[in-house]
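S.K.: Prediction below, plus the sequence it came from.
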Amino acid sequence: MSELNRLKISEARDALKSGETTSVDLTEACLSEIEAADALGAFVHKTPEIALEQAKAADARIAAGEGASMTGIPLGIKDLFCTKGVPSQAASGILEGFKPEYESSVTTNLFDAGSVMLGKLNMDEFAMGSSNETSVYGNAVNPWRRGNEDTALTPGGSSGGSASAVAADLCLAATGTDTGGSIRQPAAFVGITGLKPTYGRCSRWGIVAFASSLDQAGPMTKDVRDAAIMLGAMAGHDPKDSTSADLPVPDFEAMLTGDIRGKVIGIPKEYRMDGMPDEIEALWAQGTEMLRDAGAEIRDISLPHTKYALPAYYVIAPAEASSNLARYDGVRFGHRAKLSQGDGITEMYEKTRAEGFGHEVQRRIMIGTYVLSAGFYDAYYNRARKVRTLIKQDFETVFNDGIDAILTPATPSAAFGLGEMSDADPVQMYLNDIFTVTVNLAGLPGIAVPTGLDNQGLPLGLQLIGRPWEEGDLLNTAYALEQAAGFVAKPARWW
Amino acid sequence: MSIDIETARRVAKLARIKVEDDALPALAHEFNDILGFIEQLGEVDVDDVEPMTSVTPMRLKRREDVITDGDQQDKVLSNAPDAREGFFAVPKVVE
């Protein structure tokens, strides 16, 4: 078989089962693509020895008739996941040289299922960013380009390396994490599928924490079926994460019938933003028609507190980050600043954190420190948590009224150029998450599905939001949308 | 609410991040941009609304109060910038 790296998980699984190919062949195909793709900046720590060892073990397991769906599938792993003995530094200078002595629960689940790790993927530092421009490793680059231009575009963020690697067929799929849109926005920017599961579906244990009440891991894949397969292997109860849900993990793939007749799809009027590009508006209307044609009932709904989601997020997420990132003190792991004569422990903390954290991370830690500080805690932090309650109630109301899923744009624009936002104030960059952040605040599952190209040939995606714990139903609606949209475009290779 | 340079200095100190004096005005400016954006929350009527503590209603699990882990001193110390004799080493804390 040629171009094994271009296979989807489902295709590779079938080819492995029939003996048409081996995990070693799949893995070698991906490794040689990765070697030729440094210009994408996607893989930042390559692990070919581990990959080939895992692939051989997977082949033995398949030969013994003990293969599972993810056995032998070569994956990229976001740098936010702690992987035993392999650098895991959340794209931050402060975790320079850190090699965990343990394995995150999600990667443990994937490796127990027989998956292969090709290496670690680029991302925004501590998952704080929407363009992968805050990484200590440098930018990840989108494999797509505008028309015939050679302007380097962002793959989105924070899971930018994951998005770039999957879109460029450097791996069959990748892990991502999503705190405000970090799986769905990059997936939409590169024309792949990205699923943020319900909060608590995947264990957070061993994933470097950003905002613990919002963080959730999920799959970034070449299609909806692959997202269903991979989520099944990532998810599950974990006693080591107290917020991990003790619920059975259904066979998500078996729920992909494509039949959505009678399902009720909500179209929220508050997501129709002023200044939204016509192309996004048109894409949304087309997606709505596709679901209607597939037999769903379309209903206009209202989520009245949508406007306040981003400001609430930019209180809650930095507040939690300032607390979580207090652990980077130069004592237990990572970077410690060189000290001057007479420096004490406070100087060690201050110099270490100033040297180790990038600008955006420092800014968010300090915003979080401010909103939690005496005198402002009620005005900012508690008020934001109350608004969060109202945002969740908005969704509960429409779900109680019979809405099965909500269709929205995934992003307010197509991928923008790297550096194009560098002169904008930070809030302009934050607006990237305008359609995705509500889902994190309400703990819901959300999926970005590629549905079209803009007039410059760049991919655009739509987002579906589902009821809590009903990823199977959500994936099925996404599957119907995917079938109708028929998105098959791939970036032209320049790297 | 406007953040002045002194407030920016105080926040940096609380966060234990060294910010040079000449960087404080720009930092204060950025804080004001972000806080200006956050101010919108003041428009929302939040009377009688409970602040969210858990996004999914769940009872935290309990377990037996027994040791489940430990005796891994070497692993705990393996990533330390400075470890000596089984301890993390830091600059002098007490005069």
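M.R.: In hand now; what should we look at?
S.K.: Isn't A:L95 up against A:Q89?
M.R.: Yes. Assessed by CB atoms under 8 Å, A:L95 is found in contact with A:Q89 at 3.5 Å. All C-beta atoms are positioned from the backbone trio N, CA, C, and that covers glycine.
S.K.: more crowded one of these two?
M.R.: Remark: of A:L95 and A:Q89, A:Q89 carries more neighbours, 28 against 25, as counted by other CB atoms under 10 Å in any protein chain shown.
S.K.: Which secondary structure element is home to that one?
M.R.: Assessed by DSSP states H and E, A:Q89 sits outside every helix and strand.
S.K.: Report the contact partners of it.
M.R.: A:79, A:95-98, A:136, A:334 (CB atoms under 8 Å, 6 or more residues apart in numbering or on different chains).
S.K.: Which among those count as buried?
M.R.: Buried by 16 or more other CB atoms under 10 Å in any protein chain shown: A:79, A:95, A:98, A:136, A:334, out of those.
S.K.: doesn't A:A91 make contact with the fourth one?
M.R.: Yes. Taking contact to mean CB under 8 Å, the distance of 5.5 Å between A:V136 and A:A91 places them in contact.
S.K.: which residues are common contacts for these two?
M.R.: Counting by CB under 8 Å, 6+ apart, the residues touching both A:V136 and A:A91 are A:E125.
S.K.: on that earlier part again, just the ones in strands from the buried ones among the contacts of A:Q89, please.
M.R.: Using DSSP state E, no member of the buried ones among the contacts of A:Q89 falls within strands.
S.K.: So which of these reach chain B?
M.R.: Counting by CB under 8 Å from any CB of the partner chain, A:98, A:334 from the buried ones among the contacts of A:Q89 sit close to chain B.
S.K.: Let me see the ranges of the strands in chain A.
M.R.: Counting by DSSP E, the strands of chain A are A:43-46, A:74-78, A:116-121, A:173-178, A:193-196, A:216-221, A:264-268, A:297-301, A:405-409, A:446-453, A:459-466.
S.K.: so what's A:L121 up against?
M.R.: With CB under 8 Å, 6+ apart, A:L121 has these contacts: A:42-44, A:76-79, A:140, A:159, A:161-162, A:165, A:174.
S.K.: residue contacts, A:D425?
M.R.: B:30, B:33.
S.K.: Can you pull the phi/psi pair for it?
M.R.: phi -70, psi 160 (degrees, to the nearest 10).
S.K.: One more: B:A26?
M.R.: phi -60, psi -40.
S.K.: ok, it - how many residues close by?
M.R.: B:A26 has 11 nearby residues by other CB under 10 Å.
S.K.: That one and chain A, how far apart?
M.R.: Separation of B:A26 from chain A (CB to the nearest CB, to the nearest Å): 10 Å.
S.K.: And for residue 92, nearest residue in space, chain neighbours not counted?
M.R.: With no chain named, the answer covers chain A. Counting by CB to CB, 6 or more residues apart in numbering or on different chains, A:E125 is the residue found nearest to A:S92 once chain neighbours are left out, at 4.8 Å.
S.K.: Chain B was what I was after
M.R.: A:G344 (6.3 Å).
S.K.: before we move on, the earlier item: between the strands of chain A, which one is closest to A:D241.
M.R.: Taking CB to CB, strand A:216-221 is the member of the strands of chain A nearest to A:D241, at 10.7 Å.
S.K.: I would like the residues contacting the closest one, please.
M.R.: With CB under 8 Å, 6+ apart, strand A:216-221 has contacts from A:8-9, A:81, A:106, A:159, A:162-163, A:166, A:172-179, A:183, A:186-187, A:192-204, A:207, A:226-227, A:230-231, A:234, A:440.
S.K.: Could you list which of those also contact chain B?
M.R.: A:198-200.
S.K.: Averaged over its residues, which helix or strand of chain B has the lowest pLDDT?
M.R.: Every helix and strand of chain B was ranked by mean pLDDT, DSSP states H and E. The lowest is helix B:24-38, at a mean of 93.
S.K.: Give the next helix or strand downstream of it.
M.R.: Following helix B:24-38 toward the C-terminus (DSSP H and E): helix B:73-77.
S.K.: what does the next helix or strand along the chain from that next one rub up against?
M.R.: Scanning forward in sequence from helix B:73-77 by DSSP H and E, the next helix or strand is strand B:83-84. Contacts to strand B:83-84, defined as CB under 8 Å, 6+ apart, come from residues B:77, B:89.
S.K.: Describe which strands strand B:83-84 pairs with in its sheet and in which direction.
M.R.: Each strand paired with strand B:83-84, and its direction, by DSSP bridges: strand B:87-88 (antiparallel).
S.K.: Any idea how far the strand it pairs with is from the middle of the chain?
M.R.: Its chain's average C-alpha position is 23 Å from that of strand B:87-88, according to CA atoms, centre = their mean, to the nearest Å.
S.K.: State the pLDDT value of the most centrally placed residue in chain B.
M.R.: In chain B, the centroid-proximal residue (CA atoms, centre = their mean) is B:A15; its distance is 7.0 Å. Here, the pLDDT recorded for B:A15 equals 98.
S.K.: just A:A58 next, same as before
M.R.: 98.
S.K.: Quick one: residues contacting it.
M.R.: A:23, A:67, A:71-72, A:114-116.
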